[in-house]
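> Any chance you can model this:
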Amino acid sequence: MTASEPKRSTLDLIGNTPLVLLKGPSEAAGCEIWGKCEFANPGASVKDRAALWIVRDAEARGELKAGGTIVEGTAGNTGIGLALVANALGYKTVIVMPDNQSKEKMDTLRALKAELVLVPPTKFSNPGHFVHTSRRLAEETEGAVWANQFDNIANRKAHIEGTAPELWEQLEGRIDGFTCAAGTGGTIAGVGMGLKAFDENVTIALSDPHGAALYNYYAHGELKAEGSSVAEGIGQGRITANLEGAPIDTQFRISDEEGLEWVARLLSEEGLCLGLSSGINVAGAVALGRELGKDARVATILCDTGFRYLSSLYNAAWLKEKGLPVFPWLEG
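Presented below is the predicted three-dimensional model:
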């Protein structure tokens, strides 16, 4: 089903997102940089794809029955996708989220009928981590399933079966590189596996924020984190089930400052309002493009809308508090 065809279900609105040539990044890289507009999904993020595949998989396995509840731990976007899919199919949602995520995500989840449970941010090894809390809630709730986006490979199947074939078709079978950051790992692993099935020579690169451990893992074989990032929903300290076997050919470490530079430029020069994860992905795409050369075509993921971060990323006081550069037009 293409983007232009009439849809017979609101769930058919998920996927088949537009692909756009990014002028500034292309000029900086010296080759074509393409952005997959995942903010065009109904929940305004790439996570709608994983949400739909996870729910359909739970139904197919007989775990999720009529009137059931979907429980998940998330930085926000997967929860938003799950809430929309659940509403369309008659399920309830309980979403567990760290309390340091954007206010917009919290308000959105409540508006979408989700029951929101906030917990303090902590390391994965802590039993109070949002992922472990969500698993316990699912176990304690009658008729509930745990979405388990980090280790449920229905997540990456969404990109093997959806995102990768879309990219291949949109770029007419000529794509030299793909890069994005990893949160659950579903997008980079799934798109990587899907594209490699079409052409083994496509270079798959990880764009890892500071504070995550995957750059060192793929570069040196050791899970080791350095620095920190304010980017929400990306950065990983372990090899999730979705990341197992991911065909990562190379890796870049991208700072918040680099990502913010592209967020600012894409907004002021090209009219795209994006979140920091998209900026980090674009910075990685530029780095990959420079390595691949002037005739290359590189694609990346524009993960979600910047409207989800008005109280943080687009707030001068918040940026100053984090020691990050303030967009010039926000000064004063």
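
> Show me the strands in this structure, by range?
19-21, 32-37, 69-73, 92-98, 115-119, 144-146, 177-180, 203-209, 250-254, 297-302 (DSSP state E).

> Can you list the low-confidence ranges for the chain?
Residue ranges of the chain with pLDDT under 70: 1-3.

> The same query, at a cut-off of 80, please.
1-4, 332 (pLDDT under 80).

> Which parts of it are helices?
23-29, 47-60, 77-89, 103-111, 130-140, 154-158, 164-170, 186-198, 214-220, 256-270, 276-292, 316-321 (DSSP state H).

> export the ones you listed to JSON lines and tack on distance to Ile204?
In short, each C-beta sits where N, CA and C put it, glycine included. Putting the helices of the chain into JSON lines (distance: least, C-beta to C-beta, whole Å) gives the following:
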{"stretch": "helix 23-29", "distance to Ile204": "17"}
{"stretch": "helix 47-60", "distance to Ile204": "18"}
{"stretch": "helix 77-89", "distance to Ile204": "22"}
{"stretch": "helix 103-111", "distance to Ile204": "29"}
{"stretch": "helix 130-140", "distance to Ile204": "26"}
{"stretch": "helix 154-158", "distance to Ile204": "13"}
{"stretch": "helix 164-170", "distance to Ile204": "10"}
{"stretch": "helix 186-198", "distance to Ile204": "4"}
{"stretch": "helix 214-220", "distance to Ile204": "10"}
{"stretch": "helix 256-270", "distance to Ile204": "20"}
{"stretch": "helix 276-292", "distance to Ile204": "9"}
{"stretch": "helix 316-321", "distance to Ile204": "32"}
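
> would TSV of the ones you listed with mean neighbour count and distance to Leu11 be doable?
Shown next, in TSV, are the helices of the chain (neighbours: other C-beta atoms under 10 Å; distance: least, C-beta to C-beta, whole Å):
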stretch	mean neighbour count	distance to Leu11
helix 23-29	18	32
helix 47-60	24	6
helix 77-89	25	6
helix 103-111	17	19
helix 130-140	18	23
helix 154-158	26	13
helix 164-170	19	16
helix 186-198	25	18
helix 214-220	19	31
helix 256-270	20	29
helix 276-292	27	24
helix 316-321	14	35
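
> Buried deepest among the strands of the chain, which one?
Highest mean neighbour count among the strands of the chain (mean count of other C-beta atoms under 10 Å): strand 177-180, with a mean of 30.

> For it, which helices and strands make contact with it?
In terms of contacts (3 or more C-beta pairs under 8 Å, 6 or more residues apart in numbering; DSSP states H and E), strand 177-180 is packed against helix 186-198, strand 203-209, helix 276-292, strand 297-302.

> Quick one: closest of the helices of the chain to Asp304.
Closest approach to Asp304 among the helices of the chain (C-beta to C-beta): helix 77-89, 5.8 Å.

> Provide the count of other residues in contact range of the closest residue to Asp256 other than its chain neighbours.
Nearest residue to Asp256 in three dimensions, chain neighbours excluded: Ser229, at 5.3 Å (C-beta to C-beta, 6 or more residues apart in numbering). Residues within reach of Ser229, counting by other C-beta atoms under 10 Å, total 20.

> cool, and Gly90?
9.

> show me what contacts it?
By C-beta atoms under 8 Å, 6 or more residues apart in numbering, the contact list for Gly90 reads Ala66, Gly67.

> How about Gly67?
Taking C-beta under 8 Å, 6+ apart as the test, what Gly67 contacts is Gly90, Tyr91, Lys92, Gly143.

> measure it to Gly143 for me?
7 Å (C-beta to C-beta, to the nearest Å).

> before we move on, what about Gly211?
For Gly211 relative to Gly143 (C-beta to C-beta), the value is 37 Å.

> between the two, who's got more neighbours?
Neighbours per residue, other C-beta under 10 Å: of Gly211 and Gly143, the larger number sits with Gly211, 16 against 12.

> Correct me if wrong: that one contacts Ser228.
Yes - under the contact definition of C-beta atoms under 8 Å, Gly211 touches Ser228, with a separation of 4.1 Å.
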